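Trainee: Make a model of this:
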Amino acid sequence: MQHSPEGQADGAATVSQPGFLASLFRELGADVPEQRPASDSMKAADADGTGGMGGIGGTGGTGGTDDPDEADDSVAAHGRAAALTHHRTLTVQAEHERLADLLRRSALPVSAMDFESQLRAYEPRPYPVGDDTAPDGPEPRWVDYAPAGPETADPEAPSRRLLDSGYQRELAQARLRHQRDLREWRTKQAEAADSGLLAARQAHEETEQARARAVREYNDSLEECRRAYRLAEPAAVESLLERALAAAEGATQDLPAPCRAVFRPLTRTAILDLDLPPLDVVPSLSGYRLSPDGEISPVPRPPADRAADYLRLAARLALRALQAADAVDTDGVLAGVVLNGWLTEPSTSSAPTEPLCLLSVDADRNALARTRLFPPEPPQSPSPQSPQSPQSPAAPISDPGEPSAERPADRSGDGVYADAEQDEALVRLRELSAVVTPDPYAPVGVEPSGTASLAVPVAAELSSNEFLQLVRELLTRGGLAEWSVRLRGPAGLVATGEGGPGSALPGRWVVWASRGAEPVGAEELRTLAEAVREEGADRGLRLTCGRFAEAALDLAGEAAYAQIHLVDGDGVQELTRTHLGLAFTAKD
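Mentor: This is a model prediction of the structure:
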């Protein structure tokens with residue numbers, strides 16, 4: 001209720017005027033009394049003798065509301081709640097748009113940071129042209145002014161040339177030009193020395209010489225690093241890999257995802273440890289909703305949608321790191337790449353939180369070469385979304401990196417993209433035999449394919465591809481060629497090979513290698529002997545990084561098992577030192 005400056009009640013203000021709050025209240029479904037113009041209400045008040053004070057006395061109704069001030073407060077409260085709901089929903093929508101932008105930028109291909117791209121070129125900068133009078137160029141020389149001599153080979157031509165009047169005029173004019181230019185050059189030289197311009201020009205030339213020398217020294221050091229890289233020196237390989245990984249991270253500087261590299265020369269494998277972004281990078285809400293009674297309530301997203309969005313982002317970051325490592329290795333030093341994605345959530349206690357591995361990739365060089373890590377064309381930017389109504393949650397975001405043909409029309413209400421199994425980035429990771437957590441918010445971890453915590457690797461730290469590479473390298477150098485892998489897994493491998501007549505391992509072999517520390521029993525030797533017969537091989541080799549049980553050693557000594565050869569952990573270490581010249585610990 002309002003009052004006039006004279007302290008009298010203003011009758012026209014007792015009736016709610018149509019406006020934004022009243023119309024918004026009506027849109028929310030509340031009962032709003034039908035309003036009349038102020039002049040009509042005044043006339044009605046005068047007719048019943050209230051003088052415009054009927055609303056105060058309670059005799060003049062307000063459409064079902066006894067107190068008009070209470071109705072105005074209710075309308076205002078609902079309006080404020082609606083505006084707050086709209087503002088909060090827009091905030092959630094901005095978080096979804098940021099996630100869509102991160103997904104787009106993390107799927108951009110990276111440029112190769114090989115040695116050729118890091119070479120620098122020196123481009124001289126000319127001295128700035130001003131009002132100085134410093135001489136340009138060296139001191140004028142007479143040889144540059146003297147007239148040309150005779151073109152004939154006649155020995156008497158020079159003497160006749162000296163008697164030629166035309167030549168004498170040319171000679172005199174040339175001497176005059178030379179003396180004039182020399183005088184001007186010396187004058188400018190003296191003026192420049194007095195004014196300091198000569199010193200400035202000299203300083204510029206010294207700066208340019210220093211720049212050229214710095215570029216030359218940098219390129220020389222880069223060539224030295226390239227030589228060390230080709231020799232597979234760990235420091236050089238790790239330096240180049242981390243440069244490439246840091247450059248790849250530049251596309252998402254607002255989402256730090258550092259990646260560390262460790263090179264294992266024993267298997268020529270790079271171990272990449274990728275720090276995954278925190279879980280709260282994916283919005284947990286779809287928006288906010290306003291109930292009829294004015295209560296603002298959040299609308300949570302389905303847990304499957306949120307988990308799928310995080311896995312899609314993690315998969316793109318992993319593929320980007322793999323592409324950076326593959327693109328930089330132009331000299332073919334790497335035989336494989338192991339990537340582990342680690343999540344470190346902030347701890348509420350004083351004890352530090354242990355990192356959790358959410359994804360792991362064990363890919364050899366051939367697998368990386370035949371897998372298209374990124375689409376050939378960069379994904380399109382997401383189209384801006386229209387603002388949401390105060391009552392509705394934020395609309396789902398379409399994936400900018402996903403082809404529209406792969407997005408069914410009936411999936412428009414599933415958040416960013418609920419079905420993570422059909423996501424393009426995750427599909428490519430699974431083509432590389434990656435293991436990915438089913439739910440990062442549970443959280444559920446996975447076993448890393450390989451780790452690099454010690455200077456001298458142990459068998460348990462090697463990935464499946466690394467162990468295969470190690471066994472194949474040892475036996476190939478021992479003379480076993482035509483290598484063919486039949487079975488491979490985390491525990492070991494089964495393969496066949498054939499050595500030449502003059503090699504250390506002649507004939508056809510069946511190789512069964514395992515890296516576990518548990519003892520090998522006699523039953524495994526019987527299985528290997530049966531495999532030798534089925535393959536039509538001449539011999540069998542049972543290689544283990546552990547040891548053999550007494551029963552297995554007794555069985556191998558029998559004549560029926562003379563074709564079965566045994567190599568334990570100590571033998572593997574000896575073969576590694578002999579053929580590779582590198583240290584290796586077969587047992588933990």
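Trainee: where does residue 512 fall, helix, sheet strand or coil?
Mentor: With DSSP: H, G, I helix; E, B strand; the rest coil as the basis, residue 512 sits in strand.
Trainee: where does the stretch 251-400 of the chain have low pLDDT?
Mentor: 346-352, 374-400 (pLDDT under 70).
Trainee: In it, what residue spans correspond to strands?
Mentor: 259-264, 269-275, 285-290, 296-300, 336-343, 356-364 (DSSP state E, counting those that start in this stretch).
Trainee: Let me see the mean pLDDT of the helix or strand harbouring residue 99.
Mentor: Element membership for residue 99 (DSSP states H and E) is helix 68-106. What helix 68-106 shows for mean pLDDT is 88.
Trainee: can you give me how far the helix or strand that it is followed by is from the chain middle?
Mentor: Later in the chain than helix 68-106, the nearest helix or strand by DSSP H and E is helix 115-118. Offset of helix 115-118 from its chain centre (CA atoms, centre = their mean, to the nearest Å): 20 Å.
Trainee: Also stretch 214-234?
Mentor: Distance, stretch centre to chain centre, for stretch 214-234: 26 Å (CA atoms, centre = their mean).
Trainee: List the contacts of that stretch.
Mentor: 115, 118-122, 235-237, 239-240, 262-265, 268, 331, 333 (CB atoms under 8 Å, 6 or more residues apart in numbering). Backbone N, C-alpha and C define where each C-beta goes, glycine included.
Trainee: do that again at 6 Å, thanks
Mentor: Stretch 214-234 is contacted by residues 115, 118-120, 122, 236-237, 240, 263, 265, 331, 333 when judged by CB atoms under 6 Å, 6 or more residues apart in numbering.
Trainee: Show me which of the residues you listed is closest to residue 568.
Mentor: Nearest to residue 568 among those: residue 265, at 24.1 Å, using CB to CB.
Trainee: So for the closest one, what's the nearest residue that isn't a sequence neighbour?
Mentor: residue 232 (5.3 Å; CB to CB, 6 or more residues apart in numbering).
Trainee: Could you report the distance from residue 327 to residue 429?
Mentor: 18 Å (CB to CB, to the nearest Å).
Trainee: Settle it for me: which of these two has more neighbours?
Mentor: residue 429 (28 against 19; other CB atoms under 10 Å).
Trainee: wouldn't the more buried one be in contact with residue 317 here?
Mentor: No: using CB atoms under 6 Å as the test, residue 429 is too far from residue 317 to be in contact (10.9 Å).
Trainee: returning to that earlier point: present the strands of the stretch 251-400 of the chain as JSON lines; the columns should include mean neighbour count and distance to residue 518.
Mentor: Listed next are those as JSON lines, based on neighbours: other CB atoms under 10 Å; distance: least, CB to CB, whole Å:
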{"stretch": "strand 259-264", "mean neighbour count": "21", "distance to residue 518": "24"}
{"stretch": "strand 269-275", "mean neighbour count": "23", "distance to residue 518": "25"}
{"stretch": "strand 285-290", "mean neighbour count": "22", "distance to residue 518": "50"}
{"stretch": "strand 296-300", "mean neighbour count": "14", "distance to residue 518": "47"}
{"stretch": "strand 336-343", "mean neighbour count": "25", "distance to residue 518": "24"}
{"stretch": "strand 356-364", "mean neighbour count": "24", "distance to residue 518": "22"}
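Trainee: how about those in a markdown table, adding distance to residue 226?
Mentor: A markdown table is the format used below for these (distance: least, CB to CB, whole Å):
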| stretch | distance to residue 226 |
| --- | --- |
| strand 259-264 | 15 |
| strand 269-275 | 17 |
| strand 285-290 | 51 |
| strand 296-300 | 54 |
| strand 336-343 | 20 |
| strand 356-364 | 24 |
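Trainee: Among the ones you listed, which comes closest to residue 587?
Mentor: Comparing these by CB to CB, strand 259-264 comes nearest, at 18.0 Å.
Trainee: Keeping just the C-alphas, turn the closest one into CSV.
Mentor: C-alpha atoms of strand 259-264 as CSV (Å, rounded to 0.1, in the frame of the first residue of the first chain):
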residue,chain,number,x,y,z
CYS,A,259,51.6,-36.3,-19.5
ARG,A,260,55.0,-37.7,-18.4
ALA,A,261,57.2,-39.9,-20.5
VAL,A,262,59.7,-42.6,-19.5
PHE,A,263,61.6,-44.6,-22.2
ARG,A,264,62.6,-48.2,-21.6
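Trainee: could you say what helices and strands it packs with?
Mentor: Packing partners of strand 259-264 (3 or more CB pairs under 6 Å, 6 or more residues apart in numbering; DSSP states H and E): helix 234-248, strand 269-275.
Trainee: residues in contact with that strand?
Mentor: So strand 259-264 is contacted by 234, 237-238, 241-242, 245, 270-274, 321, 452, 457 (CB under 6 Å, 6+ apart).
Trainee: go on, stretch 324-339?
Mentor: Taking CB under 6 Å, 6+ apart as the rule, stretch 324-339 contacts 110, 112-114, 230, 232, 240-241, 244-245, 248, 268-272, 318, 321, 361-365, 368, 449-450, 463, 465, 469.
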